[in-house]
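quick one, fold the following:
(2 chains)
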Amino acid sequence: MAKRTMRGESAIIGVGETTYYKRGRSPDAEFKLVVEAILKASADAGIDPREIDGFASYSNDRNDPSRIAAALDIKDLRFSNMEWGGGGGGGSAACAHAAAAVATGLADTVVVFRGLAQGQFGRFGQGAQVPHVRGDQAYTAPYGLMSPAQSFAMRVHRLFDDHGITQDTLKACSLASYHHAQNNPRAVMYGRPLSPEDYDASRWIVEPFHLFDCCQENDGGAAMIFVSADRAKDFAKTPVYFLGGAVGSGNRAGSSSHNATDYATSNFKTVAPRMYDMAEVKPEEVDVAQVYENFTGGVVMSIIEHGLTSYEEANDFITFENLTAPNGKMPINTSGGNLAECYMHGLELNIEAVRQVRGESCNQVPDVNVSLVASGPMVTPVSDMIVGSEAVL
Amino acid sequence: MANPGRYYLGEGMPAPAPAIDGLDTEYWEGLKQHKLFVQHCHTCDRPQFGPEWVCHICHSFDLGWREVEGNGRIFSWERVWHPVHPALQDSCPYLVVLVELPNHENVRMVGNLLGDPMQPVEIGAEVRPVFEDHDGDDPYTLVHWELVG
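This next block holds a predicted model:
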């Protein structure tokens, strides 16, 4: 039986985003942000947005594809898809679903989108102010374990203890994102550089996370358009091909009260090998990586679990010099990422991966053919993808 | 410093309540009697935590609850500095620990580590449960941990 794969069967032809805002600062409604991002991605591709016939999103995005289809007078809605799970773990999953839909004929032109307007809908980083908690939350919230940062900090201490990995690796990830944002006018942290001294002096949120180990919360919209490979060259921009994607998590990752079988993990140990296998790419062939920073400890785990370094070499490898474009050994988060471009729930990372292959990044790595995204470490499910140039097909 | 009130954390935290579907009523009732229960499968004789309607090992639905002695070991920890809830305004910093029960297949529970919130915390340190009763209209009991010895 032939290998089942989506390698090279689809391509991204357009990307777009709105202005990125600090949390709660968007003057526009969340739905308007999403529509604007889709229109910008359509303009980037040179396609009539009425041709879009499918939608994929994640993290319980509130902007119903049927409403978008009505608003944009879309002729024929054929695909309306949501990846389960909170956080940004579904970003690359939504891309994989779009790739699957256009590769198999469920739809022809699928947009992946995410919109956030926290002024309208509330924040992620606050504990729920409710009188009672039940179910999973009852085992954590009464003990003051309520926020995403608090939910993941203990994984990182366990990583430190198991493998001798140090705080300096977290710092390197933070500094790399802020450094890259200084060349990106779209970035919310553009013009706000971060020095090593600033990082060290910043307050703890929850040990081992300083303030600058934590993602922003932002408002904005982002969108990407997928078509099948046979149509990929019919549009305005050089197509970027979807090589491989995977979704999931390890044994009992979703068990309550922190009872995942493997605890100190980004949840990519089982997912990354499947993605590499589909993409027919080896870790050493990755030219640039966008690694979702909810918290920098998850970035360190993701880099290791994607084979970009090892537990043994992580302290020496995960340095500011190695993580920064253009000459680092493995530049990451070259737009500034969730920490410093925008917490667009990671979809800005998928867009940046495309820009790196096109040669359009604000922090361009030379000669990118293989571009990796790891979405949402430590949540379940997580997802990842590799996109690439025609040269690697 | 942590507030010197009646409880480890400030008053007004969300109160735990049994799941609507009845999955963990015995657990919360047990804590009120200062008994720590872990779900137990009558078919394969293995513990399970957090609770679920089916045993993840043998897929039996014949599950109950068994009191455990609570000898624990710190599996991981965090010191929280930023209050994410109004009730925590005067409680930071505070310590959250993930405790495993080596006598019960290392099932894990989240709690607070009593004592100086600035104490160094060592993964692997032995701890024992301490019950904290909360009164009011809907009384409940939390299980915290303290170092042994």
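
what ranges does the chain have for its helices?
I'll assume chain A. In chain A, the helices defined using DSSP state H lie at A:30-45, A:65-71, A:91-104, A:118-121, A:148-163, A:167-181, A:196-201, A:271-279, A:296-305, A:314-317, A:320-323, A:337-340, A:347-358.

could you do chain B instead?
For chain B, the helices defined by DSSP H cover B:25-32.

low-scoring stretches of it, by residue?
B:1-4 (pLDDT under 70).

quick check: domain ranges of it?
B:20-68, B:70-149 (automatic domain parsing).

return the most buried member of those.
Burial of the domains of chain B is given as mean neighbour count (mean count of other CB atoms under 10 Å in any protein chain shown); domain B:70-149 ranks first at a mean of 18. For glycine as for every other residue, the C-beta is placed from the backbone atoms N, C-alpha and C.

now residue A:67. Nearest residue, chain neighbours left out?
Counting by CB to CB, 6 or more residues apart in numbering or on different chains, residue A:67 lies nearest to residue A:31, which is 7.1 Å off, once chain neighbours are set aside.

residue A:12 now?
residue A:240 (4.7 Å).

neighbours of that neighbour, how many?
Residue A:240: 24 surrounding residues under other CB atoms under 10 Å in any protein chain shown.

show me the contacts for the residue of chain B found nearest chain A.
Residue nearest to chain A within chain B: residue B:50 (3.2 Å; CB to the nearest CB). Residue B:50 is in contact with A:136, A:139, A:255, A:256, A:257, A:259, B:24, B:39, counting by CB atoms under 8 Å, 6 or more residues apart in numbering or on different chains.

before we move on, what about residue A:232?
The contact partners of residue A:232, by CB under 8 Å, 6+ apart, come to A:10, A:11, A:13, A:239, A:241.

among the residues you listed, which two are most distant?
Longest distance between any two of the contacts of residue A:232 is 10.5 Å, between A:13 and A:241; criterion CB to CB.

neighbour count: the two, which is higher?
residue A:13 (27 against 23).

longest strand in chain A, please.
strand A:218-228 (DSSP state E).

what does stretch B:123-140 rub up against?
A:132, A:142, A:157-158, A:161, B:7-8, B:15-17, B:28, B:31-32, B:34, B:36, B:70-77, B:97, B:99, B:111, B:113-114, B:141-149.

overlap between the contacts of residue A:232 and the residues near chain B?
Contacts with chain B are made by none of the contacts of residue A:232, judged by CB under 8 Å from any CB of the partner chain.

can you pull the pLDDT of residue A:68?
Looking at residue A:68, its pLDDT reads 98.

list the contacts for the nearest residue to residue A:306 once chain neighbours are set aside?
Using CB to CB, 6+ apart and skipping residues adjacent in sequence, the residue nearest residue A:306 is residue A:272, 4.8 Å away. For residue A:272, the contact set (CB under 8 Å, 6+ apart) comprises A:246, A:305, A:306, A:307, A:374, A:384.

report how many residues lie close to the third one.
Around residue A:306 sit 25 other residues, with neighbours defined as other CB under 10 Å.

just the closest residue of the stretch 201-350 of chain A to chain B, please.
Across the stretch 201-350 of chain A, the shortest distance to chain B (CB to the nearest CB) belongs to residue A:256, at 3.2 Å.

need the pLDDT of the closest residue to residue A:189 other than its chain neighbours.
If the residues on either side of it in the chain are set aside, residue A:189 comes closest to residue A:340, at 3.8 Å by CB to CB, 6+ apart. As summarised for this prediction, residue A:340 has a pLDDT of 98.

what do you get for residue A:116?
95.

what does residue A:125 give?
pLDDT, residue A:125: 77.

please name the residues that touch the residue lying closest to residue A:16 once chain neighbours are set aside.
Distance criterion CB to CB, 6+ apart; nearest residue to residue A:16, sequence neighbours excluded, is residue A:40 at 2.9 Å. Counting by CB under 8 Å, 6+ apart, residue A:40 touches A:16, A:17, A:18, A:223.
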